[in-house]
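Asker: fold the following.
(chains A and B)
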2 protein chains.
Amino acid sequence: MGKRNLYLKTTPVEEARTRYLEALEKTWTMQYETIPVVEALGRVTRHAVYAKYSSPLYNASAMDGIAVISSHTYGASETSPVRLKEGEDYVVVDTGDPIHHPFDAVIMAEDLLETESEQEVEIVASAASWQHVRPVGEDIVAGEMILPSCHQIRSIDVGVLLSAGILEIEVTKKPVTAIFPTGTEIIEPGDEIREGSIIESNSRMFENMVTEQGGIPHRYPILEDDYDKIKQAIQDAVKVSDVVLINAGSSAGRDDYTVHVLRELGEVLIHGVAIKPGKPVILAFVEGKPVIGLPGYPVSAYIAFENFVAPVLAYMGQRILKKDYEQKAVLSKRLVSSLKHKEYVRVKTGIVGDKMVAAPLARGAGAAMSLVRADGFCVIDQNCEGMEAGEEVTVSLYRDPEEIQNTAVITGSHDLILDVAADLIPQMHKGMHLSSTHVGSMGGLLALKRGEAHVAPIHLLDEESGKYNDSYVKRLFQTPVAIVTGVQRIQGIMVKKGNPLGIQSIQDLTRCRFVNRQRGAGTRVLFDYLLKKEGMEPDGILGYDREASTHMAVAALVASDSADAGMGILSAARAMDLDFIPVGEEWYEFAIPEEFMGLPQIQAFFQVLKSPQFAEELKKLGGYGMEKTGEIRWVR
Amino acid sequence: MGKRNLYLKTTPVEEARTRYLEALEKTWTMQYETIPVVEALGRVTRHAVYAKYSSPLYNASAMDGIAVISSHTYGASETSPVRLKEGEDYVVVDTGDPIHHPFDAVIMAEDLLETESEQEVEIVASAASWQHVRPVGEDIVAGEMILPSCHQIRSIDVGVLLSAGILEIEVTKKPVTAIFPTGTEIIEPGDEIREGSIIESNSRMFENMVTEQGGIPHRYPILEDDYDKIKQAIQDAVKVSDVVLINAGSSAGRDDYTVHVLRELGEVLIHGVAIKPGKPVILAFVEGKPVIGLPGYPVSAYIAFENFVAPVLAYMGQRILKKDYEQKAVLSKRLVSSLKHKEYVRVKTGIVGDKMVAAPLARGAGAAMSLVRADGFCVIDQNCEGMEAGEEVTVSLYRDPEEIQNTAVITGSHDLILDVAADLIPQMHKGMHLSSTHVGSMGGLLALKRGEAHVAPIHLLDEESGKYNDSYVKRLFQTPVAIVTGVQRIQGIMVKKGNPLGIQSIQDLTRCRFVNRQRGAGTRVLFDYLLKKEGMEPDGILGYDREASTHMAVAALVASDSADAGMGILSAARAMDLDFIPVGEEWYEFAIPEEFMGLPQIQAFFQVLKSPQFAEELKKLGGYGMEKTGEIRWVR
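Answerer: Coordinates of the predicted model:
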């Protein structure tokens, strides 16, 4: 079976981070560089900066008007105006013009009376000395401290530094960060896909994360799983970089050499952290430079970066670590977690009624889309076994709270038309968004009932009446719920192109590998109904228990020869280039509690449903009837 | 007096912005471009993006172990293990390896029993079909929507897009923003300073603000105040830019041509907005492109940009406008404002006790340092005449709340040694900061009393006892206050280099132009004491009523020949290269209420006071006695 690096034990997250940062503090000498002030935005000052010049550079007029000798104005009043001569008693000035001895005050243009002479004016009030004069250094005095040390430079600071005569500034260097994608099975995006290929994308995510954390990313070409090549690459990289990231090979597989290489070249402080996802982390030093091994699964990679690489870059750049915006939310369902690790659970959030609801998403380390779909995450501490539904949790948001506020939260059965609506809403209604989570029709109604969604897309056949949806809603809700007609659509059996097994009906499914939908999905309800009608038993269908959670997921399994047939909608079959045997039409509709009908994002959703753009997109997808789209009926 | 563009009326802020953005929406056609995904961080999608490939691309092992044919494992148990042959019943797989027909399940390495043969293993439990297999498309299904339209791309999105086979993406173009500094008196930073020069720095601040708002800045060389040149420049710029900014010339001075040029070339929607600072704003269109005239004073320029340019750039880039973090705070002093405008008041904040206190800073439009020193601002609405001390206000913060939490708030008499301490604290105590506001000794004690500061630096001579500080503190406070010794320092008369007027004593001040300190300043208290001792009257001193608020400000006025003499400390005289006639020694000390003594930032301050680095810096400044620095005595 070959050699595997089984972890002996994992270190708690905080302990691992603290030990690593303390070691870094001992080994790392802070690096500085002098750069032009105009390029210093976001950089951190080494020393306090003192003004070279004052601002204003001289006594300056604060108004448009005339500069006068104040003693020449004494005694002026409404009854006995004083007449002033240009050149002798005054000079004309605009705001910012210098005021020189013997002039020592400014009178505003508005307060001057014209005379028959262009060179003379009259005034009806005396001027106090230094009135309307900005004294030299009023804003900045030469020699005064402008910025303290360890200060992150903002736009306004750039302006003030230049005003004060500072052209260059000494700042902390940006840590140069080497990024090594490794793995023999890994290919570059755009390369031809071979059997077993994995498209390399983590390094590109890291590049951007390094930039966001104030570092300079330097991504190297893919390294194959070869002990000597990895060793040579790390040895070379620590000479020219401040930090080295290796992805992946940090786990305990047969080809995971990283930890052995790092043990040979330097010191491995930590291998394996009690964090989920993200456990296979290596925290090491080679020649005094931090070298970090990051796990290969995208979500693990992301969370391990946030927890270990980001603090290292912040320390080396002397920057304050950027934190996500935190908000309290109500957990939508029970979360169980192990005492073996701290867990980061991605959540989809929504403002439903007056509370923010956090709905946990897929927890697998490979589920990168769960990170894309998520609005943030909540953390289950290592010493906590989980949290109950309805419990208040703190969500670290990485989406704008205002965007979340304006999002229609749609939870239930999946159809491609939801993607079309999500695309059109922000284009047609600026600032409005739609987010959809696919949990099947019954799952959607239950989410609606728990107050976690605004809309539940459903297609639930009532076996007794043969009608769709109303009876299910009536059973669950005591308050009025609108059912908005979506589309009529065709359900059927999806099989490989050319239908090699010659499947023509539900009966034929006994002689192939089937893939089913999850419990509570409308399509599964329909399938069960059809089996019953035919007098067939689920046990007779190979794969009845194999579940996929969307039409598209079923279609993908059939397309990849992992199954021979599955139930789904015509548009999914077309999208995957499959053959399709229709079994019947059904109503795909939207259940919406009365209190949400007036929300702007829901109104935007209605308008999109009835728009010509929406109709046109559905025509392209094919298989949808739209005669009644947007019609509302009430279930009370 | 020449031609002046007096504003007829100003438009309320929200009205001006709404009208301008509505006009922009009508005239502007959104611009798009297709770029590589690896460069798309922060950009906004034009359309929804659909996956080209599934991820995983094939059924993949979710574990390190062996791939098996599940039917070959049936019946395995502890008592009757099943033996499997490599090649025939299983193949070895690592996480991520593809699983092919006929293999349909994975058994973890940990669950395998070794046998005498390298090519055979035993198992004690059967494998369910598809166990530990990630089905094709588990994460992303080809054809599925990955990102909706109008979505701002994050690091994680870049990774997922590449995994899904997307290499290029259509996004909103970044608005190219032309920036024109104008003004005949304006010089480039680094140019030789002539009489009346103003160093141009706003355009560099704008460059950075444009970048922060997702635009591409293009800064042009300085334009002189010349109607035809400005006209030509704007005509050329609108051809190659999406937005044009002109700074300044938007006011109503003799040389402010911008509004006339814009009226000739296009349409001026707004000239003058009811905002303070920032009133002289011009909102115009030339050939369908927004052209904005911004005021010249740095603070006005900043606030006008935030209010009018930032929303335009956000609209053109289809981005959500970044907002400052908002927090409730208690106002430290009364603010009066006019009904004529909405006012942005810069505030310094601090956590004192359990509340955030917002202390208003200098309100002048020219006070750029007030923006640098500020932690944020609060807004007084146009229909509000002001707010009372102690009232709760909303502060828009542009400093990190955690940084504010760790800041020692020092309010009172100014000395250069506070700058030295502010420089050393963050270097010696990571994450700790010091902020100082200069309001004189009495001002500091009153701020301390109102709970707006942690520390008040004071040097107040008790005329009766001839002793410093204690009696003033005792009179004001009922609770225990620590007085921490700072330094002994030398006060004296600062005069121009070479002492041209031959000033030797207080008596000589009757024959020169003096500049005094503000009421409540310890230096003024000392000066009054000295006058009294000499039997002199304030009326006999020309400039007794002219006030400057720091030692350095007084020194700058003397250095620039705006005054002949002023009182201050030796280090200020040295910093400005002035002559200095000592008049006596005094104690500059720190009053700190008991409840703040244990705070980490105050402890850090003490440690800095007693550090060798601090002593060394003070030696360089000169004129400080440090025998008792850091000693604590209590006033109860």
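
Asker: residues contacting the residue in the stretch 501-636 of chain A that chain B sits nearest to?
Answerer: Going by Cβ to the nearest Cβ, chain B is nearest to residue A:556 of the stretch 501-636 of chain A, at 3.5 Å. Heads up, the C-betas are built off the backbone N, CA and C, glycines and all. Contact partners of residue A:556, counting by Cβ atoms under 8 Å, 6 or more residues apart in numbering or on different chains, are A:576, B:54, B:135, B:136, B:137, B:141, B:142.

Asker: apart from its chain neighbours, what residue comes closest to it?
Answerer: In space, and not counting its chain neighbours, residue A:556 is closest to residue B:137: 3.5 Å by Cβ to Cβ, 6 or more residues apart in numbering or on different chains.

Asker: same deal with residue A:89?
Answerer: Spatial nearest neighbour of residue A:89, excluding adjacent residues (Cβ to Cβ, 6+ apart): residue A:72 at 4.9 Å.

Asker: neighbours around residue A:484, how many?
Answerer: Residue A:484 has 21 neighbouring residues, counting by other Cβ atoms under 10 Å in any protein chain shown.

Asker: surely it meets residue A:634?
Answerer: No. Using Cβ atoms under 8 Å as the test, residue A:484 is too far from residue A:634 to be in contact (10.3 Å).

Asker: what is the subsequent helix or strand relative to the helix or strand where the residue of the stretch 501-636 of chain A closest to chain B lies?
Answerer: Assigned by DSSP states H and E, residue A:556 belongs to helix A:551-559. Once helix A:551-559 ends, the next helix or strand along the chain (criterion: DSSP H and E) is strand A:565-569.

Asker: which strands and helices sit next to the helix or strand just after that next one?
Answerer: For strand A:565-569, the following helix or strand on the C-terminal side (DSSP H and E) is helix A:570-575. For helix A:570-575, the elements it packs on are helix A:416-428, strand A:481-495, helix A:551-559, strand A:579-593, helix A:612-621, judged by 3 or more Cβ pairs under 8 Å, 6 or more residues apart in numbering or on different chains; DSSP states H and E.

Asker: for these, give me a markdown table that also has mean pLDDT.
Answerer: Below are the helices and strands packed on helix A:570-575 laid out as a markdown table (pLDDT from 0 to 100):
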| stretch | mean pLDDT |
| --- | --- |
| helix A:416-428 | 92 |
| strand A:481-495 | 95 |
| helix A:551-559 | 91 |
| strand A:579-593 | 95 |
| helix A:612-621 | 93 |
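
Asker: so where do the helices sit in the stretch 251-400 of chain A?
Answerer: Assigned by DSSP state H, counting those that start in this stretch, the helices in the stretch 251-400 of chain A fall at A:258-265, A:298-304, A:310-317, A:368-373.

Asker: which of those sits closest to chain B?
Answerer: Closest approach to chain B among the helices of the stretch 251-400 of chain A (Cβ to the nearest Cβ): helix A:368-373, 4.7 Å.

Asker: what residues sit buried inside the closest one?
Answerer: Under the neighbour-count criterion of 16 or more other Cβ atoms under 10 Å in any protein chain shown, helix A:368-373 has A:368, A:369, A:370, A:371, A:372, A:373 buried.

Asker: what about the strands in the stretch 201-350 of chain A?
Answerer: Taking DSSP state E, counting those that start in this stretch as the criterion, the stretch 201-350 of chain A carries its strands at A:216-219, A:243-247, A:267-271, A:275-276, A:282-286, A:289-294, A:325-331, A:335-336, A:342-352.

Asker: need those strands in TSV (columns: mean pLDDT and distance to residue A:498).
Answerer: Listed next are those as TSV, based on pLDDT from 0 to 100; distance: least, Cβ to Cβ, whole Å:
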stretch	mean pLDDT	distance to residue A:498
strand A:216-219	98	43
strand A:243-247	96	41
strand A:267-271	95	51
strand A:275-276	89	44
strand A:282-286	97	49
strand A:289-294	96	44
strand A:325-331	88	48
strand A:335-336	87	45
strand A:342-352	89	39
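
Asker: quick one, which of the ones you listed gets closest to chain B.
Answerer: Nearest of the strands of the stretch 201-350 of chain A (Cβ to the nearest Cβ): strand A:325-331, 8.1 Å.

Asker: now find how far off-centre that closest one is within its chain.
Answerer: Chain-centre distance of strand A:325-331: 16 Å, with Cα atoms, centre = their mean, to the nearest Å.

Asker: which stretches of the stretch 1-150 of chain A aren't confidently modelled?
Answerer: Residues of the stretch 1-150 of chain A meeting the criterion pLDDT under 70: A:1-8.

Asker: can you give me the helices in it?
Answerer: A:13-27.

Asker: tell me the residues of the stretch 301-450 of chain A that contact chain B?
Answerer: A:302, A:320, A:323, A:364, A:366-369, A:371-372, A:398, A:400, A:402-403, A:419-420, A:422-427, A:431, A:433-434 (Cβ under 8 Å from any Cβ of the partner chain).

Asker: circling back to that earlier point, neighbours around the residue nearest to residue A:89, how many?
Answerer: Residues lying near residue A:72 (other Cβ under 10 Å) number 20.

Asker: got the contacts of residue A:556 as CSV, with distance to residue B:127 and neighbour count columns?
Answerer: Shown next, in CSV, are these (distance: Cβ to Cβ, whole Å; neighbours: other Cβ atoms under 10 Å in any protein chain shown):
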residue, distance to residue B:127, neighbour count
A:576, 28, 25
B:54, 24, 27
B:135, 16, 24
B:136, 19, 27
B:137, 22, 30
B:141, 26, 29
B:142, 28, 23
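
Asker: got CSV for those residues, with distance to residue B:312 too?
Answerer: Formatted as CSV, the contacts of residue A:556 follow (distance: Cβ to Cβ, whole Å):
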residue, distance to residue B:312
A:576, 44
B:54, 41
B:135, 48
B:136, 47
B:137, 43
B:141, 40
B:142, 39
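
Asker: among those, which are located in strands?
Answerer: Applying DSSP state E to the contacts of residue A:556, no entry is found in strands.
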